[in-house]
Structure formats: C-alpha cells, structure tokens
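*Asks:* no FASTA, just this:
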C-alpha cells in the first residue's frame with residue numbers, strides 16, 4: 001500500500017526505464033499517485049501502451065509522457081531525454097529499472113550472453129544516466145535511483161554474469177554519488193532479493209527444473225529460504241524507490257538499500 005501523499009513529488013519529473021513490467025511498472029503508477037510527472041520507456045510497445053492507459057486513468061496527459069526507446073542506441077537515448085524534457089520539463093529524477101536476468105554456469109557462459117547482460121544492466125544504463133546527469137548539473141539538483149540486486153552484494157551460484165553486472169551497478173552508484181553530491185544531486189541504489197515478478201519466476205523455474213521439481217515446489221522452496229517467509233512485492237520495491245526520490249531522503253547518498261525479507265541475515 002502506498003505510504004506517500006499526493007504532494008510528495010509534486011512538481012518533479014521522473015524518467016523511468018524498464019517501465020513495461022514488474023518493478024518499473026509499479027514505480028510509474030506510484031509516482032503518478034504522488035503527484036510526479038513521469039516519462040516511461042521500454043522496448044515493448046504493447047506493454048507501454050497498456051501502462052499509458054493505466055496512468056492516464058490516474059493522471060492528466062500533461063503528467064505522462066510515453067516513448068519507446070532502445071537504450072542500446074545512442075540516438076534513441078539522446079532523443080528520449082530530449083523529448084522527455086520537451087514534453088514535461090526538466091528531469092529531476094531518474095529511475096534505472098531496465099535490466100535482464102539470466103543464469104549460466106561459468107563453463108557454459110558464452111561471450112554473447114555476457115555482453116548482453118553487462119551491456120543492458122550496466123553499460124547502456126550508465127550511458128543514459130550520463131545524458132540525464134548532464135542536464136541535472138545545469139540545475140544543480142536531482143535524484144537518481146539505480147535498480148541493483150542482492151546479487152550485487154553477494155555472489156550467486158550460476159549467476160556470474162548477472163551478479164557481475166549488478167556488482168558493477170553498486171560500484172558505479174557509490175562512485176558517482178561522491179561526484180554528484182558536490183552538485184546537490186543524490187545517487188542511490190536498491191538491492192532487492194527475490195521479487196514476485198516474471199524475472200524471479202524465470203530464475204526459480206530454471207532452478208526447479210535443474211532439481212527435478214515443479215515450479216510450484218520451487219516457489220515454496222524459494223520463499224522458505226527467506227526469513228520473512230515470502231518474496232517481496234514489486235509495490236514494496238517501488239515504495240523504497242519513491243522514498244529515495246523524495247526530500248525525506250535528502251541526506252541519503254551512495255547507499256544500496258536491501259529489500260530482501262532478511263535474506264542477507266543467513
């Protein structure tokens with residue numbers, strides 16, 4: 001359940017990548033409810049249109065801008081930022097939610113897979129952030145939230161590429177935060193454990209197949225490994241992201257907040 005008022009992000013414009021599903025999708029809806037103007041992007045046009053429909057049921061056209069973009073392409077990254085500012089004004093917040101999962105043993109990991117995971121989870125995200133950050137520097141204000149992972153804080157069996165990409169996000173977050181805060185810009189990350197989304201389901205499904213059990217059994221096993229006894233919800237992660245964008249988090253800098261139901265305690 002949202003814990004913020006409709007005034008918490010009033011007059012803020014937030015760009016959200018990876019908004020076509022899971023955490024990004026729920027974050028977009030929450031930020032609109034908090035009064036923010038939001039630009040949402042992703043690669044799936046059909047899902048973008050569905051999200052736009054939902055957002056416009058909660059907000060006016062002046063509060064929402066939707067544009068499909070492939071972050072791998074420089075011209076599309078730059079066009080996204082330019083069009084977002086043209087439509088809704090200065091981008092004061094950025095949520096880097098775009099990313100992919102994946103599980104490969106080291107001996108099975110091929111270069112193509114490694115490049116795909118590292119590029120989308122880290123390289124292209126950093127390059128988009130650079131484009132937005134340059135705009136923030138002109139205003140000397142802003143807040144950036146990167147979606148990392150619990151796998152960015154500890155390794156995972158069969159997750160070398162994914163964990164490496166998220167470790168990179170955490171390291172980049174900490175390093176950039178030291179530069180950005182000199183200009184009044186805050187940079188932080190969230191590090192979810194298992195979240196009840198398609199990405200987590202795919203990972204649990206692969207693990208279940210390897211162990212010769214059903215997906216349902218795999219879900220139960222995954223939940224039983226978490227001290228709280230359940231997976232986090234996308235809404236819970238969205239609430240944490242939203243908090244980091246508000247003035248209430250004004251002195252939180254370079255942190256990687258865990259949302260794991262206590263998983264790191266074991």
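*Replies:* Arrived safely. Nothing here was measured: the structure is a model prediction, and the numbers come from that model.
*Asks:* Grab the most central residue of this structure for me.
*Replies:* residue 97 (2.2 Å; C-alpha atoms, centre = their mean).
*Asks:* That residue and residue 231, how far apart?
*Replies:* Distance from residue 97 to residue 231, counting by C-beta to C-beta, to the nearest Å: 18 Å. Just so you know, the C-beta spots here come from the backbone N, C-alpha and C atoms, and that holds for glycine as well.
*Asks:* Tell me which other helices or strands the helix or strand of the chain with the lowest mean pLDDT touches.
*Replies:* Taking mean pLDDT, DSSP states H and E as the measure, the chain has helix 198-211 as its least confident helix or strand, at a mean of 78. The contact analysis (3 or more C-beta pairs under 8 Å, 6 or more residues apart in numbering; DSSP states H and E) places helix 198-211 against helix 215-224.
*Asks:* ok, and what's touching the helix it packs on?
*Replies:* Helix 215-224 is contacted by residues 194, 200, 201, 204, 205, 207, 208, 211, 213, 229, 230, 231 when judged by C-beta atoms under 8 Å, 6 or more residues apart in numbering.
*Asks:* Let me know the angle separating it from helix 198-211.
*Replies:* Interaxial angle, helix 215-224 versus helix 198-211 (axes from the mean of the first three to the mean of the last three C-alpha atoms, to 10 degrees): 110 degrees.
*Asks:* helices or strands up against the next helix or strand along the chain from helix 215-224?
*Replies:* Using DSSP states H and E, the helix or strand that directly follows helix 215-224 along the chain is helix 234-245. Where contact means 3+ C-beta pairs under 8 Å, 6+ apart, helix 234-245 is packed against helix 22-33, strand 93-96, strand 142-147, strand 185-192, strand 256-259.
*Asks:* Give me the buried stretch members for helix 234-245, please.
*Replies:* Within helix 234-245, the residues scored as buried using 16 or more other C-beta atoms under 10 Å are 234, 235, 236, 237, 238, 239, 240, 241, 242, 243, 244, 245.
*Asks:* Show residues contacting it.
*Replies:* Against helix 234-245 from outside (C-beta under 8 Å, 6+ apart): 1-4, 8-9, 12, 14, 22-23, 25-27, 29-31, 34, 36, 93, 95, 143, 145, 147, 186, 188, 190, 192, 195-197, 249, 252, 257, 259.
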